[in-house]
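Trainee: Return a 3D structure for these sequence lines:
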Amino acid sequence: MKSRNLHTWDLSIDQAKGLQRDLASGVSVVSEDLNPEYVAGVDISAPDASGVARGAAVVMAYPGLVIMDYCVTRARVSFPYVPGLLSFREAPLVIQALEGLSIDPDLILVDGQGLAHPRRFGLACHIGLLMDVPTIGCAKSRLCGAYSTPGEERGSYSDLTDGEEVIGAVLRTKLRTTPIFVSVGHRIDLETAIRYTLGCGGGYRVPEPTRHAHLAAGGRPMAPSDQEQRAEKLGLI
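Mentor: Residues are numbered from 1 along each chain as shown. Presented below is the predicted three-dimensional model:
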């Protein structure tokens, strides 16, 4: 798959914030006829002492959640750590990993925010626009917004709001486990994003695609053949 060249990455902090505001208008919150055959998860590692990090993209068959392909890339992270601007640190590595896949995903789950962002343009929105693929933000912590605690059952959720605006959902993905923060990235509505996030669950707090992307970025990828053998034992395929 190939990304769109929408902007340069050589930006100041103020320029990056302005670009987020400009690009946010291009985010679509409408689902198309989404029936994914392949779902990808993406994540990056923390930079090492020399500033080099790994970016990972893992493609899984849906709904069986068997790993079909993955790509891990390495590059120096140059943009400073600024809350709300993490996509300018992480997106270049994620894009490289996505472009290195041999299977194009129909849906991308991102370990980060989508619209649940002060400027309504988190990493999932950035990736979604650049790749022009339906994208969901599945963050482990809140960046902004208010919410009430959802029920303890898996699938329970409450609205994440900023003033009168619903910017995401606080979703319980496992019984009595800390919820995650789901928001629209691009070309999907919130209800559908919640449904596919739950559909990608494998018994852990985070969805399987982003969980495996996290492992791959940390240097611990599971080979597709190993995952297929595991899936056969579990009766998934």
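Trainee: show me where pLDDT drops low in this structure?
Mentor: Within the chain, the segments meeting pLDDT under 70 span 221-237.
Trainee: Which strand residues bridge the residue most central in space within it?
Mentor: Centre of the chain computed as the mean C-alpha position; nearest residue by C-alpha atoms, centre = their mean is Val110, 0.5 Å away. Under DSSP bridges, the beta-bridge partners of Val110 are Val42, Gly137.
Trainee: can you check Thr161 too?
Mentor: Note on Thr161: beta-bridge partners Ala146, Val166, judged by DSSP bridges.
Trainee: so it makes contact with Tyr147?
Mentor: Yes: judged on C-beta atoms under 8 Å, Thr161 makes contact with Tyr147 at a distance of 6.9 Å. Bear in mind the C-beta positions are built from the backbone N, C-alpha and C, glycine included.
Trainee: which residues touch the residue nearest to the centre of the chain?
Mentor: Val110 is in contact with 41-42, 94, 123-124, 127, 135-138, 185, 210, counting by C-beta atoms under 8 Å, 6 or more residues apart in numbering.
Trainee: can we see that at 7 Å?
Mentor: By C-beta atoms under 7 Å, 6 or more residues apart in numbering, the contact set of Val110 is 42, 123-124, 127, 135-138, 185.
Trainee: so how far is Gly155 from it?
Mentor: Distance, Val110 to Gly155, by C-beta to C-beta, to the nearest Å: 21 Å.
Trainee: now do Lys174
Mentor: According to C-beta to C-beta, Lys174 stands 10 Å off from Gly155.
Trainee: Pull out the buried positions in the strand or helix carrying Ala169.
Mentor: When secondary structure is defined using DSSP states H and E, the element that contains Ala169 is strand 165-171. Within strand 165-171, the residues that qualify as buried by neighbour count (16 or more other C-beta atoms under 10 Å) are 167-171.
Trainee: How about stretch 67-84?
Mentor: Counting neighbours by 16+ other C-beta under 10 Å, one finds that the buried residues in stretch 67-84 are 67-73, 75, 77, 79, 84.
Trainee: which of the buried residues of strand 165-171 sit farthest apart?
Mentor: Ile167 and Leu171 (13.5 Å; C-beta to C-beta).
Trainee: So the residue lying closest to His117 once chain neighbours are set aside, which state does it fall into?
Mentor: Counting by C-beta to C-beta, 6 or more residues apart in numbering, the nearest residue to His117 once its immediate chain neighbours are dropped is Leu143, at 5.9 Å. Reducing the assignment to helix, strand or coil with DSSP: H, G, I helix; E, B strand; the rest coil, the entry for Leu143 is coil.
Trainee: For Leu143, give me its contacts.
Mentor: Applying C-beta under 7 Å, 6+ apart to Leu143 gives the contacts 84, 113, 116-117.
Trainee: Let me have those in a markdown table, adding distance to Ala216 as columns.
Mentor: Written out in a markdown table, the entries for those read as follows (distance: C-beta to C-beta, whole Å):
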| residue | distance to Ala216 |
| --- | --- |
| Gly84 | 26 |
| Gln113 | 21 |
| Ala116 | 25 |
| His117 | 25 |
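Trainee: Sweet, I'm off.
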